[in-house]
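>>> Here's my sequence, what's the structure:
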Amino acid sequence: MAFQMGEETRQVQGTWAISQYKFRIESSGLKLLCDGMKEKKLLGIRCSQCGTVYIPGPFYCRKCLIEINEVVEVEPTGTVMSYAAEMADVRGNLLEEIRITAMIKPDGADTWMIGRIMGIDWKKMKVGMRVKVVWVDEPQGNFGDIARYEPLAE
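Okay, the predicted model is just below:
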């Protein structure tokens, strides 16, 4: 692999005490998303007041502060909003193959999902690139049902 740590690369030693934070897990939206994945569908929730589509869906609109429950299917295609080319693991060990992880805004949704993009050289990645979901052959109803995202033919 051609990657070498240069002067611009810094490693910061330390820990992140995540146990100090308190999180409320909204499991209904995650359950809905996972249930849809069993059928190779991406399901979100739309706000009846402002029309915002969340995926995975919360139980209330973050803008209107009202309870929401209108289930909608969003497209298995989307737009890359940001990405990272991972050349090393969290310990600084070089990876055999560069991984691309991206934040993807599915078509029909107003929020983003994270996913791994394959089928493209990392040097050709671009924000705004169009991608599609590639499903596993036999979905189980979990996030692993999305095998990867691949670029759409232009």
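
>>> all helices of this structure, in order?
Per DSSP state H, the chain carries helices over the ranges 27-37.

>>> Find the least confident helix or strand in it, judged by mean pLDDT.
helix 27-37 (a mean of 88; mean pLDDT, DSSP states H and E).

>>> Now do the buried residues in it.
For helix 27-37, the neighbour count (16 or more other Cβ atoms under 10 Å) marks 29, 32-34, 36-37 as buried. The C-beta positions use only the backbone N, C-alpha and C, and glycine is treated the same way.

>>> now stretch 52-59
Applying a neighbour-count criterion of 16+ other Cβ under 10 Å, one finds 52-58 buried in stretch 52-59.

>>> Which members of those residues define the maximum pairwise distance?
52 and 56 (13.4 Å; Cβ to Cβ).

>>> which residues touch residue 73?
Residues in contact with residue 73 (Cβ atoms under 8 Å, 6 or more residues apart in numbering) are 36, 41-44, 108.

>>> and if we set it to 6 Å?
Residue 73 sits next to 41, 43 when contact means Cβ atoms under 6 Å, 6 or more residues apart in numbering.

>>> which residues does it form a beta bridge with?
In this structure, residue 73 bridges to residue 43 when assessed by DSSP bridges.
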